[in-house]
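K.L.:
After the sequence you'll find the predicted model.
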Amino acid sequence: MATTTAVPGWLQAPADANALAEQVWPIGAHRDDAGRLVIGGVDAETLAATYGTPLYVVDESDARARARRLLAAFESAAASVGTGVTVYYAGKAFLSSEIVRWVTGEGLAVDVCSGGELAVALAAGADPARIGFHGNNKSPAEIERAVGAGVGAIILDSEIEIERVAEAAALAGRVQRVRLRVNSGVHASTHEFLATAHEDQKFGVSLERAVELGTRIRSHASLEFLGLHCHIGSQIFDSAGFAESAERLLAAHAELARVAPLPELNLGGGFGIAYTSADEPTPIEQIAQGIADAVASACRDHGVPVPKLAFEPGRSIIGPAGVTLYTVGTVKPVPIEGGWRHYVSVDGGMSDNARTALYGADYTVRLAGRVSDELPALVRIAGKHCESGDIVVDADYLPHDVAPGDLLAVAATGAYCWSLANNYNHVPRPPVVAVRDGRARVIVHGETVDDLLARDAGLTATRTAPNSTGGITA
Ligand SMILES: *Cc1c(COP(=O)(O)O)cnc(C)c1O
């Protein structure tokens, strides 16, 4: 995580520390005449004054535009090789009823990976037949709920789960559609991929057992086998890893397809986005075409028809649509090799954005309430938590006069920030506000300290909740 060298190699001091690099901010983000950052037609100062900080802001038009663009890219690539495609929005990136309505409204299906996410998708009115249910340890209750709701596919993650889902479906008197998650041995991230015979991780079954377990699935009258599934990583910038993984899967797919029709191949998500001005992911149209071509060519080699494709993007739809606003509390210059680093502490931190502490993620920060002509200063945006790893932005530049009371915006926080939010140090989770066409509205309420106290059983004697263990009375 925190770098040992003072400044990461990719980071250049900007000519203008107020500039908004197009690829990291929501579409149409700009500064108004007063220098304030404007997102979805609403300025950051008004948002902060209305809803307080920290504040998650999501640009609805941006998220919808990305969903449309992804769908169009995959549809056109699939059509070029004579097949169709389903694009699932991976709800774990950020799920709320509003988000479900946006993505389904744009023609996407939805992936969930817990009973809670399933409940949100269903409550939002998603078509159960267009929901995929993931997870390496779905509880019997979750399986029962998913089968009962009629979800379009359950992604089987282990040998044990084949039997569990078959039994649950038989008991419910249903035929459940399923996919088999396979570990292709390919693990990809940003600029490279690693291809091994086995991958030492918890998801999926190994590739060499795919045919055997696919055959097992087919032996159950209560299961309908749709095809193989694979998810090779996250924040991937090109198609090479997907192509390698698809080629490996196709051997098993072809063997199964020779016995009986195997209609689909699901290649997961993981398409990368720009978090900083140094990030340049390949356009999704090119990635989609690269994958479709690799699948088509492998199908030709194996002499099987090109299956219907499926993908599961999360980050690449909602990530760039989100921005987090913070207020600066303190600024502290610290001497480092060759100069100074300004620790700028804000009113949130690892409770609203765990990714920097968790993965060493990089982000971009800008002044959101004004511009300044001062020279750029190297900054590290720190949170308010009692933990030295509580960093929001490891390294970027802000105008030298950044000061307490300044409003800051951190870009590309739409994915895996709200969904990973926590109450460390009893800090309440911020609300989420959607902006569009100059209007803002709350789509997820924030928490208050009273909300936190309400869960403390020592303070609320009579609360009973479905999940509480309850009391044992003699
Ligand atoms: C996390 C995940 C995704 C989404 O990944 P992104 O990087 O957000 O696109 C898709 N499919 C599966 C199975 C996942 O676990």
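P.N.:
Thanks, I have it. Keep in mind that what you see is a predicted model, and the values were worked out from it rather than measured.
K.L.:
Student question: in the chain, what's the helix or strand with minimum average pLDDT?
P.N.:
Ranked by mean pLDDT, DSSP states H and E, the weakest helix or strand in the chain is strand 192-195, scoring a mean of 87.
K.L.:
Walk me through which strands it pairs with, and which way each runs.
P.N.:
Partners of strand 192-195 in the sheet, by DSSP bridges, are strand 186-190 (antiparallel).
K.L.:
Of all the residues in the partner strand, which ones are buried?
P.N.:
186-189 (16 or more other Cβ atoms under 10 Å). Where C-beta positions appear, they are placed from N, C-alpha and C, glycine not excepted.
K.L.:
Also stretch 351-364?
P.N.:
Across stretch 351-364, burial judged by 16+ other Cβ under 10 Å covers 351-357, 361-364.
K.L.:
Need those in a markdown table (columns: distance to Ala126, pLDDT and secondary structure).
P.N.:
Listed next are the buried residues of stretch 351-364 as a markdown table, based on distance: Cβ to Cβ, whole Å; pLDDT from 0 to 100; DSSP: H, G, I helix; E, B strand; the rest coil:
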| residue | distance to Ala126 | pLDDT | secondary structure |
| --- | --- | --- | --- |
| Ser351 | 29 | 98 | coil |
| Asp352 | 26 | 98 | coil |
| Asn353 | 27 | 98 | coil |
| Ala354 | 27 | 98 | coil |
| Arg355 | 26 | 97 | helix |
| Thr356 | 32 | 97 | helix |
| Ala357 | 32 | 96 | helix |
| Ala361 | 29 | 96 | coil |
| Asp362 | 33 | 97 | coil |
| Tyr363 | 31 | 98 | coil |
| Thr364 | 32 | 98 | coil |
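K.L.:
What is the neighbour count of the residue in the stretch 301-450 of the chain positioned nearest to the ligand?
P.N.:
Scanning the stretch 301-450 of the chain for proximity to the ligand using Cβ to the nearest ligand atom identifies Gly314 as nearest, at 2.8 Å. Other residues near Gly314 come to 25 when the count uses other Cβ atoms under 10 Å.
K.L.:
And Val205, by the same measure?
P.N.:
Quick note: Val205 (other Cβ under 10 Å) scores 21 neighbours.
K.L.:
Pull the number of nearby residues for the closest residue to the ligand within the stretch 1-150 of the chain.
P.N.:
Closest approach between the stretch 1-150 of the chain and the ligand, counting by Cβ to the nearest ligand atom: Ala90, at 3.3 Å. Using other Cβ under 10 Å, Ala90 is surrounded by 30 other residues.
K.L.:
Could you double-check that it lies in contact with Ala310?
P.N.:
No: in this structure, Ala90 is not within contact of Ala310 by Cβ atoms under 8 Å, at 11.6 Å.
K.L.:
Let's see the pLDDT reported for the residue of the stretch 301-450 of the chain closest to the ligand.
P.N.:
On the pLDDT scale, Gly314 is placed at 98.
K.L.:
That one: what's it in contact with?
P.N.:
By Cβ atoms under 8 Å, 6 or more residues apart in numbering, Gly314 lies in contact with 89-94, 111, 269, 415.
K.L.:
Where neighbours are concerned, which of the residues you listed has the most?
P.N.:
The contacts of Gly314, ranked by neighbours (other Cβ under 10 Å): first place Tyr89, 32 neighbours.
K.L.:
tell me the secondary structure for that residue?
P.N.:
Following DSSP: H, G, I helix; E, B strand; the rest coil, Tyr89 is assigned to strand.
K.L.:
Let me see the confidence value for it.
P.N.:
At Tyr89, the pLDDT recorded in the model is 98.
K.L.:
likewise Thr469?
P.N.:
If you check Thr469, the pLDDT there is 53.
K.L.:
repeat for Lys332
P.N.:
97.
K.L.:
Check Thr473 too.
P.N.:
For Thr473, pLDDT reads 48.
K.L.:
do Ala240 as well
P.N.:
Model confidence at Ala240 (pLDDT) stands at 94.
K.L.:
again with the one 3 residues further on
P.N.:
At Ala243, the model reports a pLDDT of 96.
K.L.:
so it sits right up against Gln289, yeah?
P.N.:
No: Ala243 is beyond contact range of Gln289, at 10.8 Å (criterion: Cβ under 8 Å).
K.L.:
What residues does the nearest residue to Gly40 once chain neighbours are set aside make contact with?
P.N.:
In this structure, Gly40 finds its nearest non-sequential neighbour in Val435, 3.0 Å apart by Cβ to Cβ, 6 or more residues apart in numbering. For Val435, the contact set (Cβ under 8 Å, 6+ apart) comprises 39-42, 47, 57-60.
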